[in-house]
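S.K.: everything below, folded, please.
(chains A, B and C)
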Amino acid sequence: MESEPLTLQLFIGTADDRLLRPHAFYQVHRITGKTVSTPSHEALHTNTKILEIPLLPENNMRAIIDCAGILKLRNSDIELRKGETDIGRKNTRVRMVFRVHINQNTGRTVSLQASSNPIECSQRSAQELPLVDKRSLETCPALGGERMRIDGHNFQHDSKVVFVEKAQGKTGGVLDS
DNA sequence: AGAGGAAAATAA
DNA sequence: TTATTTTCCTCT
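M.R.: Predicted coordinates:
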């Protein structure tokens, strides 16, 4: 079957439990430069930007998506606009959504959509690891039976600490968020 | 121009 | 105050 050129649309979608929809606080950002191999671009609108990338038969209908970035909008700006009910605070996860509309000879159009895994866009959330400030015990019997109190940051109050054997004679605690 | 980091500014 | 966001700065 011979293929016709198609247009791949790319936009930034939500990543919460509700159904996939355009993310109000993020937009795709078209980036250019000599490191960008995909000559494709094109930005369209409807309150959410959409990158359009040509998929050509000569490229085996493939495209390297190195021309898309994710731009964060200022929360207050978005929350201001009428109709928007969501709040941006702590809503920092997105998914890249791809879709193509294929015109059939029958006159019908088939649309296909795929989305990426969630992407954490918050500098803080993305890189802060659990940090232990102090422990009430430095050592204790391997059999356990003692209580250790751990103070720190970036982990929940109900986090579990699992001790595993890392190497001969050495043990380490693993913080399980 | 961007990517990464980090300081400065705000929100809760 | 702490948590989180936004602005700034630097290195490629």
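
S.K.: near DNA strand C, which residues of chain A?
M.R.: A:72, A:74-76, A:88-92, A:122-125, A:153 (CB under 7 Å from any atom of the strand). From N, CA and C alone the C-beta is placed, and that goes for glycine too.

S.K.: show the buried residues in those.
M.R.: A:Lys72, A:Asn75, A:Gly88, A:Asn91, A:Thr92 (16 or more other CB atoms under 10 Å).

S.K.: for A:Cys121, give me its contacts.
M.R.: By CB atoms under 8 Å, 6 or more residues apart in numbering, the contact list for A:Cys121 reads A:Tyr26, A:Ile70, A:Lys72, A:Thr92, A:Arg93, A:Val94.

S.K.: tell me how far the first one lies from A:Lys49.
M.R.: Counting by CB to CB, to the nearest Å, the gap between A:Tyr26 and A:Lys49 amounts to 10 Å.

S.K.: of those two, which one has the most company?
M.R.: Legend: neighbour count by other CB atoms under 10 Å for A:Tyr26 and A:Lys49, higher for A:Tyr26 (28 against 18).

S.K.: next one: phi and psi at the residue positioned nearest the centre of chain A?
M.R.: For chain A, A:Ile119 is the residue whose C-alpha lies nearest the centre (CA atoms, centre = their mean; 1.0 Å). Torsion angles at A:Ile119 (phi, psi; degrees, to the nearest 10) stand at phi -120, psi 120.

S.K.: residues contacting it?
M.R.: A:Ala15, A:Ile70, A:Arg93, A:Val94, A:Arg95, A:Met96.

S.K.: return the distance of it relative to A:Thr38.
M.R.: 19 Å.

S.K.: same check, this time on A:Cys67
M.R.: A:Cys67 is 5 Å from A:Thr38, by CB to CB.

S.K.: pLDDT below threshold where in chain A?
M.R.: A:1-2, A:34, A:40, A:127-134, A:152-159, A:164-177 (pLDDT under 70).

S.K.: mind running it again at 80?
M.R.: A:1-3, A:33-42, A:124-140, A:142, A:149-177 (pLDDT under 80).

S.K.: OK, contacts around A:Phe11?
M.R.: A:Phe11 neighbours (CB under 8 Å, 6+ apart): A:Pro22, A:Val28, A:Thr48, A:Lys49, A:Ile50, A:Leu51, A:Met96, A:Val97.

S.K.: is the second one bridged to anything, and to what?
M.R.: So the one you mean is A:Val28. Beta-bridge pairing for A:Val28 (DSSP bridges): A:Ile70.

S.K.: list the contacts for it?
M.R.: Neighbour list for A:Val28: A:Leu10, A:Phe11, A:Ile12, A:Ala43, A:Lys49, A:Ile50, A:Leu51, A:Ala68, A:Gly69, A:Ile70, A:Leu71, A:Met96 [criterion: CB under 8 Å, 6+ apart].
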